[in-house]
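**Q** Dropping the sequence and predicted coords here.
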Amino acid sequence: MTVLVTGGAGYIGSHMVLALADAGRETMVLDDLSTGFVAQVPDGVPLVRGDCGDEALLKRLIREFGVTAIVHFAGSIVVPDSVTNPLGYYLNNTVRSRALIAAAVEGGVRNFIFSSTAAVYGEPEVSPIAESSAMQPISPYGASKLMTEWMLRDIVAAHDIRSVVLRYFNVAGADPQGRSGQSFPRATHLIKLACQAALGQRSHLDVFGQDYATPDGTCVRDYIHVSDLARAHVLALDHLEDGGESLTMNCGYGRGFSVLEVIEAVKRVSGVDFEVRLAPRRAGDPPSLVAATDLIRSRLGFKPARDDLDLIVADALRWELALQQNAQAAVSKREPALAG
Ligand SMILES: NC(=O)c1ccc[n+]([C@@H]2O[C@H](COP(=O)([O-])OP(=O)(O)OC[C@H]3O[C@@H](n4cnc5c(N)ncnc54)[C@H](O)[C@@H]3O)[C@@H](O)[C@H]2O)c1
Ligand SMILES: O=c1ccn([C@@H]2O[C@H](COP(=O)(O)OP(=O)(O)O[C@H]3O[C@H](CO)[C@H](O)[C@H](O)[C@H]3O)[C@@H](O)[C@H]2O)c(=O)[nH]1
């Protein structure tokens, strides 16, 4: 009954590994460490360094570790990068997911959870966004994830495997116990960058676009605490293991904050009035993304525990400070097993 977590050395995946370990579940991680860190995988959880698109490796791991469920976080995640490097995004998010799912089918893995994204909706006209809304991604990132959703839908219909697809909105914050957080130094996420500005690691923060059709002209996003998101995955796994049907659900809180509101929150929580500069729009950014959350609440009984922007910011800030105080925090403490 081992749960294989791809991308488990990354930001969200590491919180899922913690949630599974806290629940007493057998877990293992497959990660190529392109943006993840060995130190983010708890001691005692096997970590294999390898590619989630390596079908032969996957088949071997499924057999050797007795894998019964896969939670698939591994992928490339930066929307503007996907605009300049679409081939890389379709390879890592779509082609490699196909190989992983093929290994799962062949290896008899019955339960599969996939990290999708609000970016599959593109620029929706109605807010909050229901799962039944039109899917018209405006970035290769969103399209690469949508293609994987479609593959899963068809594979679930044809084979003995069920899936939960979770479409995350904007994930932020850090483990309240301080065990993990967003550690990638070149991360592009607003809350992390604003925390870095508050801690003096950046001279200023850019606001990308002030002429969107939103209340204050800056983009609106639905920020969900990473620990709540991890709990949603545990509920999704319970649902599948109890024989529940395949589902596709939004993961958010159902309310949005603008870029300027987030900056205010970071200034309020940190007590630091860092410099903010107005900058041009960033490629691939939809004006507003806010989740309709009825489905996940009713089907999984999901109840957020940390739905509070200041709390999210406080946890993110504490993690950023810990990284700053211990520059070694994100450096390997032990060597992973090598694939092959
Ligand atoms: N962060 C967000 O706000 C957000 C929003 C929506 C969806 N998501 C999705 O959640 C998932 C996790 O995102 P994250 O924020 O934790 O990013 P992350 O970059 O911290 O984690 C991704 C992990 O996958 C690993 N990885 C990448 N390609 C791999 C490959 N081919 N084989 C093995 N490992 C590989 C990386 O080393 C990293 O540890 C992604 O699929 C992303 O698309 C994230
Ligand atoms: O320095 C910055 C960084 C970001 N922003 C703005 O803040 C908002 C949020 O940007 P993030 O980079 O934090 O997050 P995104 O909305 O671009 O994307 C995130 O959420 C998406 C789903 O909504 C995807 O899944 C993606 O993987 C994940 O990074 C955007 O309007 C962006 O333009 C700024 O103004 N300045």
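**A** Happy to help now that I have it. Ligands and ions are numbered 1, 2, ... in the order given.
**Q** Look up how far Ser139 lies from Gly209.
**A** 15 Å (Cβ to Cβ, to the nearest Å). From N, CA and C alone the C-beta is placed, and that goes for glycine too.
**Q** Those two - which one has more neighbours?
**A** Ser139 (24 against 18; other Cβ atoms under 10 Å).
**Q** looking at it, the more buried one is touching Ala119, isn't it?
**A** Yes. Counting by Cβ atoms under 8 Å, Ala119 is a contact partner of Ser139 at 5.9 Å.
**Q** okay, and the common contacts of the two?
**A** Residues touching both Ser139 and Ala119 (Cβ atoms under 8 Å, 6 or more residues apart in numbering): Val79.
**Q** which residues of the stretch 1-150 of the chain fall in strands?
**A** 2-6, 27-31, 47-49, 67-72, 111-117 (DSSP state E, counting those that start in this stretch).
**Q** again with the stretch 201-340 of the chain
**A** All strands of the stretch 201-340 of the chain, identified by DSSP E, counting those that start in this stretch, fall at 204-208, 220-221, 223-225, 247-251, 257-258, 275-279, 288-289, 337-338.
**Q** Would you reformat those as TSV and include distance to ligand 1?
**A** Formatted as TSV, the strands of the stretch 201-340 of the chain follow (distance: least, Cβ to the nearest ligand atom, whole Å):
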stretch	distance to ligand 1
strand 204-208	16
strand 220-221	9
strand 223-225	8
strand 247-251	8
strand 257-258	14
strand 275-279	20
strand 288-289	10
strand 337-338	13
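**Q** buried residues in stretch 264-272?
**A** Residues Glu264, Ala265, Val266, Lys267, Val269, Ser270 are the ones in stretch 264-272 that count as buried (16 or more other Cβ atoms under 10 Å).
**Q** Other residues contacting that stretch?
**A** Counting by Cβ under 8 Å, 6+ apart, 191, 194-195, 197-200, 257, 273-274, 309-310, 313-314, 317 sit against stretch 264-272.
**Q** Restricted to helices, list those.
**A** Ile191, Ala194, Cys195, Ala197, Ala198, Leu309, Asp310, Val313, Ala314, Leu317 (DSSP state H).
**Q** need the residues you listed in a markdown table with neighbour count, distance to ligand 2 and pLDDT, can you?
**A** A markdown table is the format used below for the ones in helices among the contacts of stretch 264-272 (neighbours: other Cβ atoms under 10 Å; distance: Cβ to the nearest ligand atom, whole Å; pLDDT from 0 to 100):
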| residue | neighbour count | distance to ligand 2 | pLDDT |
| --- | --- | --- | --- |
| Ile191 | 28 | 7 | 98 |
| Ala194 | 28 | 7 | 98 |
| Cys195 | 33 | 11 | 98 |
| Ala197 | 22 | 9 | 98 |
| Ala198 | 24 | 13 | 98 |
| Leu309 | 22 | 13 | 98 |
| Asp310 | 11 | 17 | 98 |
| Val313 | 25 | 13 | 98 |
| Ala314 | 20 | 17 | 98 |
| Leu317 | 24 | 15 | 98 |
